[in-house]
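Chemist: curious how this folds, go ahead:
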Amino acid sequence: MKFRLLDRIMNCDATRLAAVKAISFEEFDLLAPWGRRGVFPESLILQTAVEAAGVLLAIQSGFASFGVLSEIAEARFHRGTEPGDVLRIEVRAEERCGGEFSFVIAIGDDLLADGRVRLVGLPLESCYGDRDSFRRRLEELGGQVA
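Modeler: As a prediction, this is how the structure comes out:
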């Protein structure tokens, strides 16, 4: 099973990206072998924010770089998830510090998680192959790229 942590990019500009991710029944049951049946892992919730921030960094760099996690500055989890929940992910580039992104993840109007992450930019080709295939993947998710 391939983990796709962003199902759809709803909108994006130079400083903000909004996306959604639906939790499948298979993903919801990942922790069952460790006694946590019915829990979507918090690490994957956090990774949705990291992936969204990485895409935003790629767009900001003109597809020269992709952002990879260097630090979790802060992360708070406010509730759990259920199968079929649709996570609304929003990341914002913090202007005061390059590579720092704030994130908010919600289910409907309920806050699921929020915090800040720091990313470093690596050459996009080292993470995703060539730029054109990355751009095509992004467009499949609904990301409008110029």
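Chemist: against residue 75, how distant is the spatially closest residue to residue 15 that is not a sequence neighbour?
Modeler: Counting by CB to CB, 6 or more residues apart in numbering, residue 15 lies nearest to residue 93, which is 4.7 Å off, once chain neighbours are set aside. (Glycine included, C-beta is placed from N, CA and C.) Here residue 93 is placed at a distance of 17 Å from residue 75 (CB to CB, to the nearest Å).
Chemist: neighbour-wise, which of the two wins?
Modeler: Counted by other CB atoms under 10 Å, residue 93 and residue 75 do not tie: residue 93 has more neighbours, with 23 against 16.
Chemist: in contact with residue 60, which residues?
Modeler: 14, 93 (CB atoms under 8 Å, 6 or more residues apart in numbering).
Chemist: pLDDT score for residue 146?
Modeler: Looking at residue 146, its pLDDT is 49.
Chemist: and the pLDDT at residue 15?
Modeler: At residue 15, the model reports a pLDDT of 92.
Chemist: try residue 64
Modeler: 89.
Chemist: my guess is it contacts residue 123. True?
Modeler: Yes: counting by CB atoms under 8 Å, residue 64 touches residue 123, with 7.1 Å between them.
Chemist: mutual contacts of those two, please.
Modeler: Common neighbours of residue 64 and residue 123 (CB under 8 Å, 6+ apart) do not exist.
Chemist: flag every buried residue along the longest helix along the chain.
Modeler: Secondary structure of the chain per DSSP state H: the longest helix is helix 42-60. Using 16 or more other CB atoms under 10 Å as the test for burial, helix 42-60 gives 44-60.
Chemist: name the next helix or strand downstream of it, please.
Modeler: As assigned by DSSP states H and E, the chain's next helix or strand after helix 42-60 is strand 65-77.
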